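*Asks:* quick one, what's the 3D model for this:
(one chain, ligands or ions: 1)
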Amino acid sequence: MLDSWFTPTGGSGGPAVERSPEQQARVDAETASLALYHYESCMFCARVRRAIARLKLNIELRDILRDAGHRRDLEAGGGRSTVPCMKIGEGQNARWMYESADIVAWLEKKFGGSGDAAS
Ligand SMILES: N[C@@H](CCC(=O)N[C@@H](CS)C(=O)NCC(=O)O)C(=O)O
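*Replies:* As a prediction, this is how the structure comes out:
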């Protein structure tokens with residue numbers, strides 16, 4: 001398991017994805033409503049950031065140590081300040097996903113493969 005944390009892809013499955021500009025635009029539209037709460041030195045967060053890089057996702061990163069407002073938002077919305085946490089969606093309907101392995105699996109399922117976002 002540790003091995004997967006130190007590989008370039010984070011063990012999250014193969015080379016970086018390739019997309020046409022049109023596919024990337026569709027994926028960018030989907031990821032516009034996502035935000036990752038994290039901080040730099042957190043290894044669990046690094047694992048998620050590596051998956052985001054491999055999948056070429058433009059997801060806003062919100063560092064809870066650099067911005068107290070982000071930490072407050074995480075606690076208020078998600079219920080605790082553990083990172084990483086992916087905020088999925090906006091407002092009252094937002095879903096807060098904790099657990100690095102769950103976040104990576106969700107990203108892989110949704111944005112891996114063909115490059116088109118799946119439902
Ligand atoms: N099993 C979790 C572990 C997450 C975790 O332990 N995060 C640490 C930072 S590396 C943390 O936020 N600790 C503070 C807290 O839980 O409030 C995962 O894989 O995401």
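*Asks:* measure residue 17 to residue 80 for me?
*Replies:* According to Cβ to Cβ, to the nearest Å, residue 17 and residue 80 sit 31 Å apart. Every C-beta, even on glycine, is put in place using the N, C-alpha and C of the backbone.
*Asks:* the more surrounded of the two?
*Replies:* It is residue 17, of residue 17 and residue 80, that has more neighbours when counted by other Cβ atoms under 10 Å, with 18 against 10.
*Asks:* ok, that one - contacts?
*Replies:* By Cβ atoms under 8 Å, 6 or more residues apart in numbering, the contact set of residue 17 is 54-56, 111-112, 115.
*Asks:* ditto for residue 97
*Replies:* By Cβ under 8 Å, 6+ apart, the contact set of residue 97 is 85-88, 103, 106.
*Asks:* now do the phi/psi pair for it.
*Replies:* Here is the backbone geometry of residue 97 (degrees, to the nearest 10): phi -100, psi 120.
*Asks:* quick check, pLDDT for it.
*Replies:* We note a pLDDT of 98 for residue 97 in this prediction.
*Asks:* what about it, distance to residue 29?
*Replies:* Distance, residue 97 to residue 29, using Cβ to Cβ: 20 Å.
*Asks:* can you tell me, leaving aside adjacent residues, what's nearest to residue 16?
*Replies:* In this structure, residue 16 finds its nearest non-sequential neighbour in residue 54, 5.1 Å apart by Cβ to Cβ, 6 or more residues apart in numbering.
*Asks:* mind saving the C-alpha coords of stretch 74-82 as PDB?
*Replies:* The C-alpha trace of stretch 74-82 is given here as PDB (Å, rounded to 0.1, in the frame of the first residue of the first chain):
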ATOM      1  CA  LEU A  74     -15.200  22.300   6.000                       C
ATOM      2  CA  GLU A  75     -16.200  21.900   9.600                       C
ATOM      3  CA  ALA A  76     -19.500  23.600   9.100                       C
ATOM      4  CA  GLY A  77     -20.400  21.700   5.900                       C
ATOM      5  CA  GLY A  78     -18.700  18.300   6.300                       C
ATOM      6  CA  GLY A  79     -19.000  18.100  10.100                       C
ATOM      7  CA  ARG A  80     -15.300  17.700  10.800                       C
ATOM      8  CA  SER A  81     -11.900  19.200   9.800                       C
ATOM      9  CA  THR A  82     -10.300  16.000   8.600                       C
END
